[in-house]
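J.: For reference, the sequence and a predicted model appear below.
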Amino acid sequence: MNSIWLKIAGLAVVAVIVIVVLGRFTGDKPAAEPRAQPTESKPAEKPKTFYDVAERDKQLGVAPKPAEAPAEAPQAAPAQPPTPPPAPPTTAQPAASGVFLPSAITQPMTLYFKPLSEEDDVAAQQLLPWATATRSISRLPMMSEGPMVRTCRDILTRWPDSRYAFNAKRMLEEIYELHGKQYNITPQEMDISRYLKPRPGTQPFTVEPLRR
């Protein structure tokens, strides 16, 4: 009988020792250090797609706004005739070839265009969007800028003093550096110097620079 109790007591002692040893190994384990959070990196700029460029091309079809004449404040009769206000300064600078390029417009400025008759205006409104559309399509594989160049030259021939001709010159200048020689684009086809000063039959328009 005593031997049975001794065996039970021995097993109890062994169990206590095992519990103590396991508790020491599990309790003394150091806590895991928190992982450093990865720093946020600046997302890379997405490359421009065909549709992004096409949205930019739409600027070339935007009509210039008629320039607003400044409101005159009521004044007493002057003793001498008033002097005419000075013409607004232009920001365009001549290129190396001596012509004024559309890209020289870096801020809103006043240019002078001749209004078209109703029939011609309708015809020009049909050609200019076609030139803009073919310009965007030319960036697709196996497409060329030939249709756009031919349409721009048609506009320049038919309505050289109109705002449509000015936008056509803008389109021709934008492809001049890459494919100008292929289509024999001349500096005169891009020159806008004729629009910088008023001429008989012209009206002032405010032109905005293109957003790049």
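T.: It's in.
J.: List the buried residues for stretch 108-124?
T.: M109, T110, L111, Y112, F113, K114, L116, A123, A124 (16 or more other C-beta atoms under 10 Å). In short, each C-beta sits where N, CA and C put it, glycine included.
J.: confidence score at the residue nearest to S138 when sequence neighbours are not counted?
T.: Using C-beta to C-beta, 6 or more residues apart in numbering and skipping the chain neighbours, the partner closest in space to S138 is E145 (4.2 Å). If you check E145, the pLDDT there is 86.
J.: try I137
T.: Per-residue pLDDT puts I137 at 83.
J.: ok, it to T106 distance?
T.: Distance of I137 to T106, computed by C-beta to C-beta, to the nearest Å: 29 Å.
J.: what about N184, neighbour count?
T.: 8 (other C-beta atoms under 10 Å).
J.: re the thing from before, ok, the residue nearest to S138 touching I137?
T.: No. If you go by C-beta atoms under 8 Å, E145 and I137 don't touch, sitting 9.3 Å apart.
J.: before we move on, back to that, looking at I137 and T106, which one has more neighbours?
T.: I137 (16 against 11).
J.: Just to check, the more buried one is in contact with M143?
T.: Yes. At 5.4 Å, I137 counts as touching M143 under the criterion of C-beta under 8 Å.
J.: Mind jotting down where the strands sit in this structure?
T.: 65-66, 109-113, 203-207 (DSSP state E).
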